[in-house]
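**Q** Dropping a prediction and its sequence here:
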Amino acid sequence: MPRITVLPHPVLCAKGMTFEAAAGETICNLLLARGIDIEHACEQSCACTTCHVVVRSGYGSLAPAEEKEEDLLDKAWGLEATSRLSCQARLGDEDLVIEIPKYTINYEREGGGSR
């Protein structure tokens, strides 16, 4: 089983976390199942960017993003070449290192919180 390493996030996962998970599940569901309360304002329907993550290692093991996800990612805060919407990115067979950005588009728009 692949190992997922979540880098420390000051609010959502202060110490970071490493866990094993079966391939095929979305990164968002895996994080939520382990108590990492990543935002997902559109309820994982690929309609916002609040679940944006940066894949620091293992990016190539994920299926390519579909056009709708790519279009939304252009609006994500802190977009990088290995950014994905965690509600769309399904775990492959390789280990992943995930970073949850400090802010989301919700934070920038609403001016509150620290996610």
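**A** Right, received. Where do you want to start?
**Q** Which stretches in this structure count as strands?
**A** 3-6, 17-20, 52-57, 83-85, 96-99 (DSSP state E).
**Q** export the first one as CSV, just CAs?
**A** Once side chains and other backbone atoms are set aside, the C-alpha atoms of strand 3-6 remain, and they are given as CSV (Å, rounded to 0.1, in the frame of the first residue of the first chain):
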residue,chain,number,x,y,z
ARG,A,3,2.2,5.8,2.1
ILE,A,4,0.9,9.3,2.2
THR,A,5,2.9,11.9,4.0
VAL,A,6,1.1,15.2,4.8
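**Q** List the buried residues in it.
**A** Buried positions in strand 3-6, judged by neighbour count with 16 or more other C-beta atoms under 10 Å: Ile4, Thr5, Val6. No exception for glycine: its C-beta is placed from N, CA and C like everyone else's.
**Q** now do the longest one
**A** Within strand 52-57, the residues that qualify as buried are His52, Val53, Val54, Val55, counting by 16+ other C-beta under 10 Å.
**Q** Bridged to the second one, which residues?
**A** What that stands for is Val53. Bridge pairing for Val53 (DSSP bridges) gives the partners Arg84.
**Q** could you check the distance from it over to Thr26?
**A** From Val53 across to Thr26, the span is 11 Å (C-beta to C-beta, to the nearest Å).
**Q** what is in contact with the two at once?
**A** Residues touching both Val53 and Thr26 by C-beta atoms under 8 Å, 6 or more residues apart in numbering: Ser86, Ala89.
**Q** Between the strands of the chain, which one is closest to Cys46.
**A** Between Cys46 and those, the tightest spacing by C-beta to C-beta is seen for strand 83-85, at 6.4 Å.
**Q** residues making contact with the closest one?
**A** 27-28, 46, 49, 51-55, 59, 62, 65, 69, 72-73, 76.
**Q** Kindly report the same for stretch 17-24.
**A** 1-6, 30, 34, 36, 90-93.
**Q** now it, how far from the centre of its chain.
**A** The gap between the average C-alpha position of stretch 17-24 and the chain average comes to 13 Å, counting by C-alpha atoms, centre = their mean, to the nearest Å.
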